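Chemist: need a structure here:
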Amino acid sequence: MSSEVFTPQQSQSEYTEICLPNHTNLLGNMLGGHVMHLVDLCGAIAAMRHARMIVVTASVDQMTFLHPVTLGQLVLLKSRVNRVYRTSMEVGVKVWVENLQTGLTRHMSSAYLTFVGVDGGGNRRELPPITPQSDEDQRRFDQAGERRAYRLASKARTQEHGLR
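Modeler: Numbering: from 1, shown residues only. Presented below is the predicted three-dimensional model:
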């Protein structure tokens, strides 16, 4: 591993897409699964930008859709690495919807994803650590640790009850 210092800002990524007819349901709203796909892509970009290696999605925390994205509107996603563990990392993704005719932009969803660094054979690889640079970075770093503890406890409960 390099002795270089990696910061959350270096991983920050943005992704935009316009809602086209093939992305919509019968009500003219972007399919939730398509939004989730975009979240995964934007999160993976931040993860790869940090790790400089192949990453795979290990988990996605709960997603709530606060506002619909309708035909012709823009979806804006921003992501960044919150915390890195040995072979996994948490990436936060925030999603906005923008009405291109009025300029109104609203937060529509947020999610936390866990990505794992892998080699070409799919074997886990160690990731470079991340160093918080600001109070906001430190807050995200600390909260990522709390979410990880919750995820690991939930996984243990699931395995205990044979619900793999």
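
Chemist: So in terms of bridging, what pairs with the residue lying closest to A58 once chain neighbours are set aside?
Modeler: Among residues not flanking A58 along the chain, T114 sits closest, at 4.4 Å (Cβ to Cβ, 6 or more residues apart in numbering). Placement of C-beta: from N, CA and C, glycine included. With DSSP bridges applied, T114 shows beta-bridge pairing to S59, E90.

Chemist: pretty sure T114 is in contact with E90, am I right?
Modeler: Yes - counting by Cβ atoms under 8 Å, T114 sits close enough to E90 to count as a contact (5.7 Å).

Chemist: So if I had to pick from those two, which one is more boxed in?
Modeler: Ranked by neighbour count (other Cβ atoms under 10 Å), T114 and E90 place E90 first, with 27 against 22.

Chemist: what's the spacing between that one and A46?
Modeler: Remark: distance between E90 and A46 (Cβ to Cβ, to the nearest Å) = 10 Å.

Chemist: Contact partners for the residue nearest to A58?
Modeler: 57-60, 88-91, 148, 151 (Cβ atoms under 8 Å, 6 or more residues apart in numbering).

Chemist: can you do 10 Å?
Modeler: Contact analysis of T114 by Cβ atoms under 10 Å, 6 or more residues apart in numbering lists 43, 47, 55-61, 85, 88-91, 144, 147-148, 151.

Chemist: likewise L127?
Modeler: Going by Cβ under 10 Å, 6+ apart, L127 touches 1, 6, 47, 50-53, 55, 81, 84-89, 115-117.

Chemist: same thing but 7 Å
Modeler: By Cβ atoms under 7 Å, 6 or more residues apart in numbering, the contact list for L127 reads 51, 84, 87, 89, 117.

Chemist: All the strands of this protein, residue numbers only.
Modeler: In the chain, the segments counted as strands under DSSP state E are 13-18, 54-60, 74-84, 88-98, 105-118.

Chemist: Quick check: buried residues in stretch 135-147?
Modeler: Neighbour-count burial for stretch 135-147 flags 137, 140-141, 144, 147 (criterion: 16 or more other Cβ atoms under 10 Å).

Chemist: Kindly apply the preceding question to stretch 75-90 instead.
Modeler: By neighbour count on 16+ other Cβ under 10 Å, the buried set for stretch 75-90 is 75-84, 87-90.

Chemist: Specify which member of those is nearest to P129.
Modeler: Checking those against P129 by Cβ to Cβ gives V84 as the nearest, at 5.4 Å.
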